[in-house]
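# need the 3D shape of this:
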Amino acid sequence: MPIDGIPLINDYEDPSLARKRPATEQAALRQILRNQLTPCNYSGVIVGCLVFRVPVGCWFKEVETSKTNEGPVDASPSFIENNRVRGASLLVFESKSSALARSIERTVMANYSNPSQLPDLTSQEVEQAFDSFDDELKLDPGKRIQAESFHRELTTRLKVDQIISSTFLQGSFARKTMLKPLRDIDKVVILDPRHAHLFTDVGGSALAAELVETALQGYYPNATCSRTRHSIQMDLGSDTFSFDVVPAYEADDGTTDVMIIDLKSGGWERSNTRTLIDVVAERNKTCDGLFIHQVRFVKHWSRHVLADRLPGLHVEAIAFACVDQPIGHAEAVARIFAYGAQLLSQRSTYADPTGVDELSSKISDVDRGYARQAFASASDRASQALALDEAGNHDAAIATWMSIFGEPFSDGKPVGGDYLRRLGAGAAVSTGIVTSTPRTTPTRAWAPR
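Residues are numbered from 1 along each chain as shown. As a prediction, this is how the structure comes out:
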């Protein structure tokens, strides 16, 4: 049963079909479904062997009849109308749906006009386990307060000396997607107008870096300062913070962009980092405050499984591309894993959440292939966890999630070792199991145009 000529997925016949479909068809199908469901004008959507749940009050737009492993589905207007009047809902018949079809199902359901009438997709036990996991990943509140206090102190000093006019924090700390421990903080400093000539002077970016670096060394003589392409890195000690201080000017062209130093080119580079902060904050608001927590879950997994092969901003971009409604943590994480496996294929491209900076071309083919394999493996395991939870086997579902995320993920109860052994623990890429804490390189979200 094609929609607009695109053949749909029949997961009952081929559970692996999702990963074989071209990314262009996948994207087109998702967009078609979104368009048809805004506002709600479908009460039933049949995709392969999947029949999406029907909330009470939706009206029907006829689709072709399909079959499931339990017999034919009557998709006639009279059948839907009779069920609507009775207050009934059609259910998903096929429980072995692939990660992509499951993701499409959730997208459709989330676009209904009255999602409160839909049943919970994951159990309270699993969601509580994710909440406990979230507590393990949060920054220490005291450390956050210390970092913000230091940020304000440094801002005051630079303003008093008329080096800068204003500052703001950027990066994962500002977007609230940073994982503990709190260490590297990015700070943009807008140079005072008296230094405006540096923007056009030959070698002006290097002179701006020298101006700021000299001030930092004077304020904090025990700190270690070094220059990167876009910043002066000030390390206050291994047991405290490191600030990347980015000299910049306002773009002054009607945008909120800034022009940051580029010591590699010797000039200045446009950055829409404020926009990046804003769009992530807006997405988090749209998702009822859940989005940043769901990003952190997958960033934690990526840090331990992929190390520096996939920078953190890439994980945020993948999550941003597929989580745009309030959905439970388990559903969101499964969707991110499934979508990541698609976007990391060699045929796909993806950009940062602003849509400006193409990220997919910034990692090597080897690292991209490694990451795609890891995401696909984690996606398969996440689908198992969802299926176990839907079947009522909550402890086994939690154990499966734990096999993905490692010991920080737990509902507070001991997990049976026999069950974990049956999961077949092995290499990180083949199973997605967290086994160690390798070195990771933070990603700088300069997001230049």
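# quick one: residues contacting the closest residue to Gly204 other than its chain neighbours.
Using C-beta to C-beta, 6 or more residues apart in numbering and skipping residues adjacent in sequence, the residue nearest Gly204 is Leu198, 3.8 Å away. In this view, the C-beta of every residue, glycine as well, is placed from N, C-alpha and C. Leu198 makes contact with 191, 204-205, 207-208, 211, according to C-beta atoms under 8 Å, 6 or more residues apart in numbering.
# give me the number of residues near Arg157?
16 (other C-beta atoms under 10 Å).
# enumerate every residue touching it.
Arg157 neighbours (C-beta under 8 Å, 6+ apart): 215, 219.
# mind checking which helix or strand it is in?
helix 141-160 (DSSP states H and E).
# using PDB, list the CA coordinates for that helix.
Extracted in PDB, the C-alpha atoms of helix 141-160 (Å, rounded to 0.1, in the frame of the first residue of the first chain):
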ATOM      1  CA  PRO A 141      24.700  21.700  41.500                       C
ATOM      2  CA  GLY A 142      27.500  23.100  43.600                       C
ATOM      3  CA  LYS A 143      30.000  22.900  40.800                       C
ATOM      4  CA  ARG A 144      27.500  24.600  38.400                       C
ATOM      5  CA  ILE A 145      27.100  27.500  40.900                       C
ATOM      6  CA  GLN A 146      30.900  27.800  41.200                       C
ATOM      7  CA  ALA A 147      31.300  27.900  37.400                       C
ATOM      8  CA  GLU A 148      28.600  30.500  37.000                       C
ATOM      9  CA  SER A 149      30.100  32.600  39.800                       C
ATOM     10  CA  PHE A 150      33.500  32.500  38.200                       C
ATOM     11  CA  HIS A 151      31.900  33.400  34.800                       C
ATOM     12  CA  ARG A 152      30.400  36.500  36.400                       C
ATOM     13  CA  GLU A 153      33.700  37.400  38.200                       C
ATOM     14  CA  LEU A 154      35.700  37.200  35.000                       C
ATOM     15  CA  THR A 155      33.100  39.200  33.100                       C
ATOM     16  CA  THR A 156      33.300  42.000  35.700                       C
ATOM     17  CA  ARG A 157      37.100  42.100  35.500                       C
ATOM     18  CA  LEU A 158      37.200  42.300  31.700                       C
ATOM     19  CA  LYS A 159      34.500  45.000  31.700                       C
ATOM     20  CA  VAL A 160      36.200  47.100  34.300                       C
END
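# give the buried residues for it.
147, 150-151, 154-155, 157-158 (16 or more other C-beta atoms under 10 Å).
# which SSE is immediately downstream of that helix?
strand 164-170.
# now for the longest helix seen in the chain, which elements pack on it?
In the chain, taking DSSP state H as the definition, the longest helix is helix 365-390. With contacts defined as 3 or more C-beta pairs under 8 Å, 6 or more residues apart in numbering; DSSP states H and E, helix 365-390 has these neighbours: helix 99-110, helix 291-305, helix 329-343, helix 394-405, helix 428-431.
# okay, these, which one's buried deepest?
Sort the helices and strands packed on helix 365-390 by mean neighbour count, taking mean count of other C-beta atoms under 10 Å, and helix 329-343 sits at the top with a mean of 26.
# assign a three-state SS to the nearest residue to Ala196 once chain neighbours are set aside, would you?
Spatial nearest neighbour of Ala196, chain neighbours left out: Tyr249 (7.3 Å); criterion: C-beta to C-beta, 6+ apart. At Tyr249, secondary structure determined by DSSP: H, G, I helix; E, B strand; the rest coil is strand.
# pLDDT wise, what is Tyr249 at?
Tyr249 is assigned a predicted lDDT (pLDDT) of 97.
# could you list the low-pLDDT ranges of this structure?
For the chain, residues meeting the criterion pLDDT under 70 lie at 1-122, 411-449.
# from the buried residues of helix 141-160, which single one is nearest Tyr219?
Distance to Tyr219 across the buried residues of helix 141-160 (C-beta to C-beta) is lowest for Arg157, with 5.5 Å.
# got the contact list for Arg274?
Counting by C-beta under 8 Å, 6+ apart, Arg274 makes contact with 168, 170, 256-258.
# tell me which of the helices and strands packed on helix 365-390 sits nearest to Thr240.
Per C-beta to C-beta, nearest to Thr240 of these: helix 291-305, 20.9 Å.
# next SSE downstream of the closest one?
Using DSSP H and E, the helix or strand that follows helix 291-305 in sequence is helix 312-322.
# hey, C-alpha coordinates of that next one in PDB?
Written as PDB, here are the backbone C-alpha positions of helix 312-322 (Å, rounded to 0.1, in the frame of the first residue of the first chain):
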ATOM      1  CA  GLY A 312      28.800  15.400  21.100                       C
ATOM      2  CA  LEU A 313      27.200  18.000  18.800                       C
ATOM      3  CA  HIS A 314      26.600  15.300  16.300                       C
ATOM      4  CA  VAL A 315      24.600  13.400  18.900                       C
ATOM      5  CA  GLU A 316      22.500  16.500  19.600                       C
ATOM      6  CA  ALA A 317      21.900  17.000  15.900                       C
ATOM      7  CA  ILE A 318      20.700  13.400  15.500                       C
ATOM      8  CA  ALA A 319      18.300  13.800  18.400                       C
ATOM      9  CA  PHE A 320      17.100  17.200  17.200                       C
ATOM     10  CA  ALA A 321      16.300  15.600  13.800                       C
ATOM     11  CA  CYS A 322      13.900  13.000  15.200                       C
END
